[in-house]
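Peer 1: Sequence and computational prediction follow.
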Amino acid sequence: MSGKSYLPALKKQVTDLVLSGSLSHAEQAFTEAVEQHGDYAVAEVLNELPPQVTALHLSGFDGGKTSLATLLVPPKAWADSLAFLAATWSDEMIEDDPERVAESLFAHVHGVVFANDDEERRHELLAAASATDYGATIFATIFSLAPKEVLEVAQEVIQKGPYITGQTSSDNDFVPLAVELVKASEDGWDRALFELFPEFRHSADLADAEFSEEDDEPKFLQRSTKELLYRLRKQVPSVRSMPRRGTRKSMGTDIFS
Amino acid sequence: MSAHLLPALVVERPPRLIRALACLARREAGEEAAILADELSGITAMVAEKFTNERTAEGIQRALNLTVGGVSLGLEHLVPGEDDEAALDLLIDNGAEQAFQAGFRLVKELVAMPESAYMNDFLQSPEYVNGRIKAVFFELCFADPQANWNGYQDYLDMHAQRVEARAVLRAAQWLRRHHHEGPITDTEIDAEGVIALAIIFAAENSGLITARTGQKEFERFVSAVRKTKPDFEEGFAKLMAQIPDQHKTIVAERLANYREHCTVLQKLRGRSAMKTLFAELENYAGSELDAEAL
């Protein structure tokens, strides 16, 4: 049996499993597919799943849990799926603890980007993810957890371009991600930065002046984590254009029966 | 503070569908709203085609009003009480069509029940019934989404009234089946008339049930009562003893009334002319007086 003919069945199986909430079973289906047909088959399936399904599946695996899907998801498919992550956040979550939501977002992005040591794949993932508006907002949201360090990285970028080391005044997990993003796509980095600091100007002088301020409070406009989360949620695409009216069929004129 | 100084309490009661949809606005955006909108539009289109006019804006508008009321009626029935969140859950889980179907079934069941204690062939004909379905559907379900809607209470009132009418008819039909000359199988029935006859004739204390009479039979009855002077109450007790439990309340209510107010029973023992008595009887028996036996 050729791998190709197997794909639609696997795709449907995984979609159904994910939508019914059985992430571990979906993952198991991937594992079996890898054994039988190799990595390529799974990557292909992940490529073809509707992005909201990919998002649902991947969001179940972050930080501690590793998944075949996080290892194998094609960069473009992952980037598309990011748009749907925000769909599951309620107002309450955002209002009560925006940092926690942002941290889980970071855990997800970090988990996928640093899933293995393949630098080329890492850069492809970051470049694809930061190429969209919601991608920029996602990175801005993550960076909003450590705005001071991000500004330091920004200053270093202005001075050294992509040949940066990522040495900042305090160690945290966000800096390596920021540095990798700069290396992967300077354009994407810029957009994330502007999303976080709408008044940021690409001038060494200005950055220097801002950086020299010793106050904790930035002297220019910074979007809050909460605000960015709301911005992100507004960008969740509607899947309405897809002809899918739930699983319910109209009963037609039986409504008069 | 005395009552007349209190401000008027104006309770806003939009149709149940509108109240359920208001809950939707407070929830996370999802595709449920889009699906629901699709379904409601679909129902409106079908209602327009069947009852109003799907080719004019006015027809569609009227169909929309009917859809709002139809779905609301179904929701009130399926989710009793004030829980609009639960009503919304039902709409999302089972679909607006199911709610509308439930509402429309209520209308159909209502029309299938007798409207009054009088029944004949015409009232049971499909043409009449279909016309009534449309009329009652408009009466109960034509709802302005922006205004208060009382359709469900109206439905409950109409339903209660028809339950009563049906009970009266059933009691009368039982009396007809046990008519002392054999069952009466006429399709036209004036249930109140049948019960009145049975009660009046029970005064003779013969133990027989009379559900229909003519002039001759009535004259015989009057002379017999005047001659033998029976105890009315004994006769009534004999009648009540024969009636099965499910019909007892209906007949007992009327018996209590006639015992006090029935002019035929009052004049039976007197010297009133037969003609006067028969005229009085017509007031009670209505169309149940046998035309051929007159």
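Peer 2: Yep, that arrived.
Peer 1: Check which residues of the longest helix anywhere in chain B are buried.
Peer 2: Using DSSP state H to define each element, chain B has its longest helix at helix B:151-177. Neighbour counts over helix B:151-177 (16 or more other Cβ atoms under 10 Å in any protein chain shown) mark B:151-152, B:155, B:158, B:162, B:165-169, B:171-176 as buried. To be clear about C-beta, it is placed using only N, CA and C from the backbone, and glycine gets the same treatment.
Peer 1: Packing partners of that helix?
Peer 2: Applying 3 or more Cβ pairs under 8 Å, 6 or more residues apart in numbering or on different chains; DSSP states H and E, we find helix B:151-177 packed against helix B:57-78, helix B:96-112, helix B:126-141, strand B:189-190, helix B:191-202, helix B:245-261.
Peer 1: how far is it from where the chain is centred?
Peer 2: 4 Å (Cα atoms, centre = their mean, to the nearest Å).
Peer 1: between it and helix B:191-202, how big is the angle?
Peer 2: Per axes from the mean of the first three to the mean of the last three Cα atoms, to 10 degrees, the angle that helix B:151-177 makes with helix B:191-202 is 40 degrees.
Peer 1: now the angle between helix B:126-141 and helix B:151-177, please.
Peer 2: Using the same axes, to 10 degrees: helix B:151-177 against helix B:126-141 is 150 degrees.
Peer 1: Write out the residues of the stretch 101-250 of chain B neighbouring chain A.
Peer 2: For the stretch 101-250 of chain B, the residues in contact with chain A (Cβ under 8 Å from any Cβ of the partner chain) are B:101, B:104-105.
Peer 1: got these as JSON lines, with neighbour count columns?
Peer 2: Formatted as JSON lines, these follow (neighbours: other Cβ atoms under 10 Å in any protein chain shown):
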{"residue": "B:101", "neighbour count": "21"}
{"residue": "B:104", "neighbour count": "23"}
{"residue": "B:105", "neighbour count": "16"}
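Peer 1: Verify the contact between residue B:194 and residue B:210 for me.
Peer 2: No: between residue B:194 and residue B:210 there is no contact under Cβ atoms under 8 Å: 9.6 Å.
Peer 1: These two: which has the busier surroundings?
Peer 2: Legend: neighbour count by other Cβ atoms under 10 Å in any protein chain shown for residue B:194 and residue B:210, higher for residue B:194 (28 against 23).
Peer 1: Residue B:107 and residue B:73 touch, don't they?
Peer 2: Yes: the pair residue B:107 and residue B:73 passes the contact test of Cβ under 8 Å, sitting 7.4 Å apart.
Peer 1: Please identify which of those two sits among more neighbours.
Peer 2: residue B:73 (30 against 27).
Peer 1: Residue B:222 is in contact with residue B:267, isn't it?
Peer 2: No: taking contacts as Cβ under 8 Å, residue B:222 lies outside contact range of residue B:267: 9.5 Å.
Peer 1: Residues in contact with both of these two, list them for me.
Peer 2: Counting by Cβ atoms under 8 Å, 6 or more residues apart in numbering or on different chains, the residues touching both residue B:222 and residue B:267 are residue B:277.
Peer 1: which one of these two has more residues nearby?
Peer 2: Legend: neighbour count by other Cβ under 10 Å for residue B:222 and residue B:267, higher for residue B:222 (20 against 15).
Peer 1: Now that one: phi and psi?
Peer 2: Dihedral pair for residue B:222: phi -60, psi -50, per degrees, to the nearest 10.
Peer 1: give me every residue that touches it.
Peer 2: Counting by Cβ under 8 Å, 6+ apart, residue B:222 has contacts B:268, B:274, B:277.
Peer 1: Find the centremost residue of chain B, please.
Peer 2: Central residue of chain B (Cα atoms, centre = their mean): residue B:162, 1.4 Å from the mean position.
Peer 1: Report how many residues lie close to residue A:121.
Peer 2: For residue A:121, the count of nearby residues is 17 (other Cβ under 10 Å).
Peer 1: Restricting to C-alpha, output the helix or strand in which it is found in PDB.
Peer 2: Assigned by DSSP states H and E, residue A:121 falls within helix A:119-129. As requested, the backbone C-alpha atoms of helix A:119-129 are provided in PDB (Å, rounded to 0.1, in the frame of the first residue of the first chain):
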ATOM      1  CA  GLU A 119      18.700  25.300  13.400                       C
ATOM      2  CA  GLU A 120      17.500  25.400   9.800                       C
ATOM      3  CA  ARG A 121      14.100  24.100  10.800                       C
ATOM      4  CA  ARG A 122      14.000  26.500  13.800                       C
ATOM      5  CA  HIS A 123      14.600  29.500  11.500                       C
ATOM      6  CA  GLU A 124      12.000  28.300   9.000                       C
ATOM      7  CA  LEU A 125       9.500  28.000  11.800                       C
ATOM      8  CA  LEU A 126      10.200  31.400  13.200                       C
ATOM      9  CA  ALA A 127      10.300  33.100   9.800                       C
ATOM     10  CA  ALA A 128       6.900  31.500   8.800                       C
ATOM     11  CA  ALA A 129       5.400  32.400  12.200                       C
END
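Peer 1: packing partners for it?
Peer 2: Using 3+ Cβ pairs under 8 Å, 6+ apart, helix A:119-129 sits against helix A:75-85, helix A:98-113, helix A:133-143, helix A:174-184, helix A:186-196.
Peer 1: That one vs helix A:174-184, what angle?
Peer 2: 90 degrees.
Peer 1: Show residues contacting helix A:119-129.
Peer 2: Looking at what lies outside helix A:119-129 - Cβ under 8 Å, 6+ apart - the contacts are A:75-76, A:78-79, A:82, A:109, A:112-114, A:135, A:138-139, A:180-181, A:183-185, A:188.
Peer 1: hang on, the earlier thing: nearest to residue A:91, of the residues of the stretch 101-250 of chain B next to chain A?
Peer 2: Using Cβ to Cβ, residue B:101 comes nearest to residue A:91 of these, at 34.4 Å.
Peer 1: which residues touch the nearest residue to the closest one once chain neighbours are set aside?
Peer 2: The shortest distance from residue B:101 to any non-neighbouring residue, by Cβ to Cβ, 6 or more residues apart in numbering or on different chains, is to residue A:255 (4.7 Å). Going by Cβ under 8 Å, 6+ apart, residue A:255 touches B:43, B:46, B:97, B:100-101, B:104.
Peer 1: and with 6 Å instead?
Peer 2: B:97, B:100-101 (Cβ atoms under 6 Å, 6 or more residues apart in numbering or on different chains).
Peer 1: ok, it to residue B:89 distance?
Peer 2: 20 Å (Cβ to Cβ, to the nearest Å).
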